[in-house]
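> Everything below, folded, please.
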Amino acid sequence: MADILVITGLSGAGRSTTAAVLEDLGWYVVDNLPTSLVDTIVELAGAPGSGIERLALVAGRQHLELMPKVAAMRAAGHQVRVVYLDATTAELVKRYESSRRRHPMSNDSDGLLEAIEIERTLLEPMRGDCDLIIDTSDLNVHQLKAKLMGAFEVSVSERLQVAVESFGFKHGLPLDADVVMDVRFLPNPHWDENLRPLSGLDQAVKDDVLSRPQAIEFLRNFQALLQSVLPHYASEGKSYLTIAVGCTGGRHRSVAIAEEIAHGLRASGQPARVSHRDLGR
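The predicted model follows:
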């Protein structure tokens, strides 16, 4: 049986770039695949002697018809994961204006902005059924490659992969978050002139944030909650869980707390990746 990735999501959010990255990572990629041909290519990939162990199918325009195909592939015994690529409307507008390409949903009466929102509304029902959502708004090719490598470097026997991400609320909520925690209840190191130039990766900031009684209590309770619910996510078949931790700017409190959450998960035997979306801003 083949290990299959289905890549879907908004036009302009990076499906073609993702296809190229996956090809570099050794996946057999079929781009812009009509839904009517999914069964055929999956059958060929799963045939003895095909040599295709990892197959990536990049959706064409018939996104909504994919989910029944995914259910059928899983029923046939294939390991199937669905990745949804998302981006902010402002970023999609910028990408289309710079490339001068026509949006597939646009027509003579609707402009680019309207076409993007029509497609977003159309695909919203399937978004919640995808295994992994990747927000490409602020990712360059190298960052996207690193994110994909992190998501798929664990063996398929690892049923649940956890990613912990820090962010700043003033830069907007992460589009790919499953769980969002707000740590702005903690005192802000930004107002300490000695700590302001540093980040939550520096020991002085870590000590300031993590030594607070309210931080100690929060981490104890949140780690207990995760230990309680993670097995249930896994038993429901969820492959990926993204935990987003936010403070005002995404530089001090959220970074220190995200690192500590990831450390606690690893200490309990749950592999966890950690990233910091707004640390460089």
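> all contacts plus neighbour counts: C-alpha atoms, from now on.
OK.
> which stretches of the stretch 51-200 of the chain form helices?
66-75, 89-99, 112-127, 141-152 (DSSP state H, counting those that start in this stretch).
> The residue nearest to residue 39 when sequence neighbours are not counted: how many residues sit nearby?
Once flanking residues are discounted, residue 39 sits nearest to residue 69: 7.7 Å by C-alpha to C-alpha, 6 or more residues apart in numbering. Neighbour count for residue 69, taken as other C-alpha atoms under 10 Å: 15.
> what's the answer for the one 3 residues further on, then?
For residue 72, the tally of surrounding residues (other C-alpha under 10 Å) stands at 13.
> Contacts only, for it.
Residue 72 sits next to no residue when contact means C-alpha atoms under 8 Å, 6 or more residues apart in numbering.
> Distance check, it against residue 62.
16 Å (C-alpha to C-alpha, to the nearest Å).
> Residue 216 now?
49 Å.
> likewise residue 11?
12 Å.
> Please verify my assumption that the residue nearest to residue 39 contacts residue 38.
Yes - in this structure, residue 69 is within contact of residue 38 by C-alpha atoms under 8 Å, at 7.5 Å.
> Now do the domain split for this structure, please.
3-152, 161-276 (automatic domain parsing).
> Can you tell me which of the ones you listed has the worst average pLDDT?
Among the domains of the chain, domain 3-152 has the lowest mean pLDDT, at a mean of 86.
> Regarding it, how distant is the last residue from the first?
Domain 3-152: ends 11 Å apart by C-alpha to C-alpha.
> Could you do stretch 230-249 as well?
First-to-last residue span, stretch 230-249, C-alpha to C-alpha: 28 Å.
> and if you look at stretch 79-99?
OK, stretch 79-99 end separation, C-alpha to C-alpha: 36 Å.
> still on that earlier bit, residue 11 and residue 62: which is more packed in?
Between residue 11 and residue 62, residue 11 has the larger neighbour count (other C-alpha under 10 Å), namely 21 against 13.
> looking at it, that one is touching residue 103, isn't it?
Yes - if you go by C-alpha under 8 Å, residue 11 and residue 103 touch, sitting 7.3 Å apart.
> Overlap of the contact sets of these two?
In contact with both residue 11 and residue 103: residue 116, using C-alpha under 8 Å, 6+ apart.
> What residues are bridge-paired with the residue nearest the centre of the chain?
Compute the mean C-alpha point of the chain, and by C-alpha atoms, centre = their mean the closest residue is residue 134, 3.1 Å away. Residue 134 has the following beta-bridge partners by DSSP bridges: residue 85.
> please begin residue numbering at 44 from this point
From this message on, residue numbering opens at 44, which makes the last subject residue 177.
> check contacts around it.
Residue 177 neighbours (C-alpha under 8 Å, 6+ apart): 126-129, 218-219.
> Against residue 129, how distant is it?
For residue 177, the distance to residue 129 - C-alpha to C-alpha - is 6 Å.
> joint contacts of these two?
With C-alpha under 8 Å, 6+ apart, residue 177 and residue 129 have common neighbours 218-219.
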